[in-house]
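> what follows is a predicted protein model with its sequence.
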Amino acid sequence: MDNYGTILLVEDDASLAQWVAEYLTEQGYTTHVCHRGDEVISQVKNLNPNIVLLDIMLPGQDGISVCRELRSFYIAPIIMLTARDDEMDEVIGLEVGASDYIMKPVRPRALLARIKAALRLSSEPTKVPNDSVIKVGELSIDTQSRSVTFNKQDITISSAEYLLLHYLASNAGQVVSRDAVFKATKGREYDGLDRSVDVLISALRKKFHDDPQNPEKIKTIWGRGYLLVATAWEE
């Protein structure tokens, strides 16, 4: 059987972890299971997996703090698993560096699709244009260092937020569809239910002081997609 990569599954529910691991192994992935949050860092350093599936509610150390700590050295995809339909879990998870998230109960085919998309996106070579700095008004995005400034102030930004802002700024003044955003930033099509882009849009609005009730910089165009308004980023 082909080996498509190594997965570290972090899940404290032993029965769930077992069947997910068996399913992923059948699909051609080498799958390791960890049941405690305080064992994840050492496991990742030892295994160097291609992707981490990380539950939020864990004994020893919660998944959010584990994700934050992982991002100090681990650059491969992290998909958060959460049983709670709580937007704050999504917001915090994405802000600390999660690549994606999936709600429990886990649907095996949906999980596999997310894994494949995350691995495909992470394996694509980064394309650096001749002009490595994107400027929209006072917004500046350095594509080599992946740093962002606005009004000459550094903006702290997660990897998921960076990918979305980069795509929107690259298409400033144009409405981009939700499907196009998902393909560009997550490597997959929009499934009709995923709210992660909306969560990231909300997080970006907060960072750039864009009124969520009446946004001027990043607009949601109902039925069409999203628009980064070029003129709204002037000083």
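Cool, the structure landed. Residues are numbered from 1 along each chain as shown.

> ok, Arg36 - how many residues close by?
When neighbours are counted by other Cβ atoms under 10 Å, Arg36 registers 14. Using the backbone N, CA and C atoms, a C-beta is placed for each residue, glycine as well.

> isn't it right up against Leu58?
Yes: distance between Arg36 and Leu58: 6.4 Å, which falls inside the contact criterion (Cβ atoms under 8 Å).

> within the sheet, what are the partner strands of the helix or strand where Ile7 lies, with directions?
Here Ile7 sits within strand 6-10, counting by DSSP states H and E. Strand pairing for strand 6-10, determined by DSSP bridges: strand 30-34 (parallel), strand 51-55 (parallel).

> just those: most buried one?
Of the strands paired with strand 6-10, the one with the most neighbours on average (mean count of other Cβ atoms under 10 Å) is strand 51-55, at a mean of 26.

> who touches it?
Outside strand 51-55, the residues within contact range by Cβ atoms under 8 Å, 6 or more residues apart in numbering are 5-13, 20, 40, 44, 63, 66-67, 70, 74, 76-82, 98, 111, 115, 118-119, 122.

> can you list the low-confidence ranges for this protein?
Within the chain, the ranges that satisfy pLDDT under 70 run 1-2, 84-91, 124-131, 235.

> middle-most residue in it, spatially?
By Cα atoms, centre = their mean, the chain has its centre lying nearest to Ser99, at 2.4 Å.

> pretty sure that one sits against Arg120.
No: assessed by Cβ under 8 Å, Ser99 is found out of contact with Arg120, at 11.8 Å.

> that older thread, check contacts around the residue nearest to the centre of the chain.
Counting by Cβ under 8 Å, 6+ apart, Ser99 makes contact with 77-79, 118, 122, 159-160, 186.

> one more time with 10 Å
By Cβ atoms under 10 Å, 6 or more residues apart in numbering, the contact set of Ser99 is 51-52, 67, 76-80, 93, 114, 117-119, 121-122, 158-160, 163, 185-187, 196.

> ok, which stretches of the chain are strands?
Ranges of strands within the chain are 6-10, 30-34, 51-55, 78-82, 100-103, 133-136, 139-142, 147-150, 153-155, 175-176, 218-221, 225-228, based on DSSP state E.
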